[in-house]
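1. what follows is a predicted protein model with its sequence.
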Number of protein chains: 2
Amino acid sequence: MRLLITGGAGFVGGRLARALLAQGSLAGSRIERLVLADQVAAPPWLLADARVEGRVGTLLAQVDALREEPFDGVFHLASAVSGECELDFDLGMSSNLDSTRALLDALRWRVQQRGAVPARLVFASSIAVFGPDPAYPFAALVGDDTLPTPQTSYGTQKLVCEQLIADYTRKGFVDGRAARLVTVTVRPGRPNGAASSFFSGIIREPLAGHAAALPVDPSVSHPVASVHLMVSSLIAVYEASRTAFVGRTAMTLPGLNVTVQQMLDALERVAGPEVRARVVPERDERIAGIVANWPRGVVARRAAALGLAPESSFDEIIARYIADCRDPVLGDPAALKGMA
Amino acid sequence: MRLLITGGAGFVGGRLARALLAQGSLAGSRIERLVLADQVAAPPWLLADARVEGRVGTLLAQVDALREEPFDGVFHLASAVSGECELDFDLGMSSNLDSTRALLDALRWRVQQRGAVPARLVFASSIAVFGPDPAYPFAALVGDDTLPTPQTSYGTQKLVCEQLIADYTRKGFVDGRAARLVTVTVRPGRPNGAASSFFSGIIREPLAGHAAALPVDPSVSHPVASVHLMVSSLIAVYEASRTAFVGRTAMTLPGLNVTVQQMLDALERVAGPEVRARVVPERDERIAGIVANWPRGVVARRAAALGLAPESSFDEIIARYIADCRDPVLGDPAALKGMA
């Protein structure tokens, strides 16, 4: 089979590619070809695999060429992120909405003009589709039955794409599924400007021997998952039968609903009190205000019916990150130099 | 003030124009100019008013010219209808989604490039945004808190536009409000191919002396309203304060939740048993199947907070239609030739 991952050179996309190459098949078919489309080049450890082809450029610029290619499946992860979309409205509309529609139309074209079987499409949506709804206090937990009332351009664009994918699926143009990702921790790399950056920073930085500012109250609760769980969930959503979606196409993926305090306690258990002590309370009203409007947790009942479950503890999420840092290919031993 | 009605030559648009011209002002400002944009020419009785300007052409073809015009307010009613959108996917995407986005961007352009005050925009959405949700039995009544799971391209496009308008509003590009219209009865004119056509046909045709087929069981329930109520509701939504929307932009308009049996009983009360007897049961499985998936009624709590209420009986809706038929400008005496 021939697969496409948009955003295939990114953090989640690269890990997904690696998992797919390792398992060698998907939904019972052998993976012959894996195209990674991204604005940046895919890492050499992916391009070294003979099945992999990297393509560099915006998705909009690449999408016309996709018409004639017989892709059996697509993981559509390419996206401008939340902060970018708030700063540059046109960028968000182009990168997230126009690109998705162009991709959908390329897949539709093959069905309508070439009689192709509809490609299976997994779209990486986000719990950013959820409010808060100013008309009501935020539900304690959000899930598949929560009314989405996005309050960011990013969340709006994700929700709009979910709806378009549902309609293209109903019409038989694609076999689409939208998976709403929770916040992925622990992300490697440097802190960035995203308001959610600290959810990774308060673990990653102390493990590397650096201090980390905690901008919110430790009682803040949020749904999180490791990149491993998100990758295996995306694969499970791809492999699920159409009927498992019971007529809907969007599904909230599992997350561990955890407070910052519980995250810090886990860090102390896993890495010791000296590491934990590198997290310094430094309240940031702007970030605290943004985070106050985020879901405090998810209930992923429909994902549970697919056998998907959150990690059982934040200790497990930290352990997975530490194992990644020690990985001979992906790893970075310096990322653990703060550990005894 | 300067107003634009897209779809201004249509059934609802023309009535809205008439009502606005009659009241002379809107939200406290005098109406100086009323532009009616539509694919067909506005009727002479509207164009005769010196304040009215008619423009003929698709909205997409007209929208660039709108950039430089200082519209204070827009009623955006232009739309391809449900049946058309199912038959011609591209037409629906272009007429309903692309046109709305182009209109929003024209209004945004004035704000960003000319420093204009954001135009107030009322968007005619539809209860077609509601399911049924195949994952759950249809809720008895739908409303502002019901999870929209559209099962038509038309409903999807309306929902997507609602979400875009919400985001453009949040960003300060427009002051947008989306009003979800229920089924308007009694529509004048000829029966058409729409599955909802019989909701008007079983009243209009017998009153005109013609037989009318009833394609569904009399126990079918549906929310309906007169065009008068929809017009006054659209005006009320325009005039409502921003805070009345409590952070949301979409609002379900009121409808009378009525069974077909109750409609027929009202017809008999208003026009007599001979007229009622012209309705002949003639089950149509295709139409019955479509209608079975429609909402059985609405609860319009947020509209109620604006003082909007459904008609109190279907008798009142029929009486309004009869009065319209006798209207010296809009009317058609032949439409009542079946009445004793």
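-> Looks like it came in fine.

2. quick one, what contacts residue A:182?
-> Contact analysis of residue A:182 by C-beta atoms under 8 Å, 6 or more residues apart in numbering or on different chains lists A:127, A:223, A:224, A:225, A:230, A:253, A:254, A:255, A:298. Using the backbone N, CA and C atoms, a C-beta is placed for each residue, glycine as well.

3. separation between the fourth one and chain B?
-> Right, the one you point to is residue A:225. Counting by C-beta to the nearest C-beta, to the nearest Å, the separation of residue A:225 from chain B is 23 Å.

4. what's the nearest residue to residue A:101 if we skip its chain neighbours?
-> residue A:164 (6.4 Å; C-beta to C-beta, 6 or more residues apart in numbering or on different chains).

5. wait, residue A:41
-> Using C-beta to C-beta, 6+ apart, the nearest residue to residue A:41 is residue A:56, at 5.4 Å.

6. swap in residue A:272?
-> Nearest one to residue A:272, counting by C-beta to C-beta, 6+ apart, is residue A:340 at 5.8 Å.

7. need the distance between the two termini of stretch A:191-210.
-> Stretch A:191-210 has its terminal residues 12 Å apart, counting by C-alpha to C-alpha, to the nearest Å.

8. that older thread, nearest to residue B:178 among the contacts of residue A:182?
-> residue A:127 (23.5 Å; C-beta to C-beta).

9. neighbouring contacts of the helix or strand hosting residue A:275?
-> Element membership of residue A:275 [criterion: DSSP states H and E] is helix A:273-276. Residues external to helix A:273-276 that are found in contact with it (C-beta under 8 Å, 6+ apart): A:206, A:207, A:264, A:267, A:268, A:338, A:339, A:340.

10. now the buried members of these.
-> Buried members of the contacts of helix A:273-276, counted by 16 or more other C-beta atoms under 10 Å in any protein chain shown: A:206, A:207, A:264, A:267, A:338, A:339.

11. quick one: whichever strand or helix holds the residue nearest to residue A:101 to chain centroid distance?
-> Secondary-structure assignment from DSSP H and E places residue A:164 in helix A:153-170. Relative to its chain's centre, helix A:153-170 lies at 16 Å (C-alpha atoms, centre = their mean, to the nearest Å).

12. what packs against it?
-> Where contact means 3 or more C-beta pairs under 8 Å, 6 or more residues apart in numbering or on different chains; DSSP states H and E, helix A:153-170 is packed against helix A:82-87, helix A:89-92, helix A:99-114, strand A:120-126, strand A:175-181, helix B:153-170.

13. does chain B have contacts with stretch A:83-91?
-> Yes. Residues of stretch A:83-91 contacting chain B under C-beta under 8 Å from any C-beta of the partner chain: residue A:89.

14. what is the end-to-end distance of that stretch?
-> Counting by C-alpha to C-alpha, you get 11 Å between the two ends of stretch A:83-91.

15. near chain B, which residues of the stretch 151-300 of chain A?
-> A:151, A:153, A:156, A:159-160, A:163-164, A:166-167, A:170-171, A:246-248.

16. which among the residues you listed count as buried?
-> Using 16+ other C-beta under 10 Å as the burial test, those include A:151, A:153, A:156, A:159-160, A:163-164, A:166-167, A:170-171, A:247-248 as buried.

17. which one of those residues is nearest to chain B?
-> residue A:247 (2.5 Å; C-beta to the nearest C-beta).

18. how close does the nearest residue to residue A:66 once chain neighbours are set aside get to residue B:298?
-> Of all residues not flanking residue A:66 in the chain, residue A:106 sits nearest, at 4.4 Å (C-beta to C-beta, 6+ apart). From residue A:106 across to residue B:298, the span is 39 Å (C-beta to C-beta, to the nearest Å).

19. ditto for residue A:243
-> 31 Å.

20. higher neighbour count, these two?
-> Each of residue A:243 and residue B:298 has its neighbours counted (other C-beta atoms under 10 Å in any protein chain shown); residue B:298 has more, 27 against 7.

21. any idea what sits nearest that one, other than its immediate chain neighbours?
-> Nearest non-adjacent residue to residue B:298, counting by C-beta to C-beta, 6+ apart: residue B:223, 4.4 Å away.
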